[in-house]
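**Q** I'll drop the sequence and a predicted model, then ask my questions.
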Amino acid sequence: MRNTIFTSGMVLALTCSLGAAQEGPSPGCYQREYSQSHLNKHPDQVARSLTMWIRDQQDGEFTNRFAYLVVDFVNQGHVKRAGLGAQRLDQSLICYTNSGGAGCSVECDGGNFMVSNETDSTMTIATDYLMVGEVEGCGGAIDLAEVPDREVKYRLNRVDPQNCLAVIEN
């Protein structure tokens, strides 16, 4: 099932890149850091902080929208049980808009997120499968979903682009 969804998303992303106006989530820098109190109340949550930079990239006459996601994983939930907690990992995603709305996908069936709500100051993303971190081959090392295959939402705040640059450079 995921391959079909990913392939459809990729075809749509490539089709969208042929037009002048790029589709997908709104470009910008988005961040969220969760307090220890919040994490204690949500023991399945795997992300301590998220930083996401969505931007358009020109490639000749085509413009494509990409998201770059950096996650500081906490040592709890399924990542702790797998011995993978307390790491900072990143992932690049290709963005698109389809009948379900705006979203971004990881290549090679590494999952995706969809934008479930967006305002001028926040973006809420929803995923039930999104692999983060480089591995040998495709996909990623850790699933961002709190419980794999169960939807989780992360509300990120729009922040100054310098915040994304500071995280990416580290």
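**A** Good, I have the coordinates. If you're wondering where the values come from, they're calculated on a predicted model, not measured in any experiment. Numbering: from 1, shown residues only.
**Q** Point to the residue nearest the middle of the chain.
**A** Taking C-alpha atoms, centre = their mean, the centroid of the chain lies closest to L69, which sits 5.2 Å from it.
**Q** just checking, what packs against the helix or strand containing it?
**A** Taking DSSP states H and E as the criterion, L69 maps to strand 62-73. Contacts defined by 3 or more C-beta pairs under 8 Å, 6 or more residues apart in numbering; DSSP states H and E place strand 62-73 against helix 2-17, strand 47-59, strand 88-98, strand 101-105, helix 161-169. Bear in mind the C-beta positions are built from the backbone N, C-alpha and C, glycine included.
**Q** Just say which of those is most tucked in.
**A** Most buried of those, by mean neighbour count (mean count of other C-beta atoms under 10 Å): strand 101-105, with a mean of 23.
**Q** what's the next secondary structure element after it?
**A** Following strand 101-105 toward the C-terminus (DSSP H and E): strand 111-118.
**Q** Give the partner strands of that following strand in its sheet and their orientations.
**A** Strand 111-118 has the following sheet partners, assigned by DSSP bridges: strand 101-105 (antiparallel), strand 122-132 (antiparallel).
**Q** so which of those comes closest to Q31?
**A** Nearest of the strands paired with strand 111-118 to Q31, taken as C-beta to C-beta: strand 122-132 at 10.4 Å.
**Q** So what touches that closest one?
**A** Residues from elsewhere that reach strand 122-132, judged by C-beta atoms under 8 Å, 6 or more residues apart in numbering: 2, 25-26, 28, 30, 52, 69, 71, 89-91, 106, 110-118, 139-145, 148-158.
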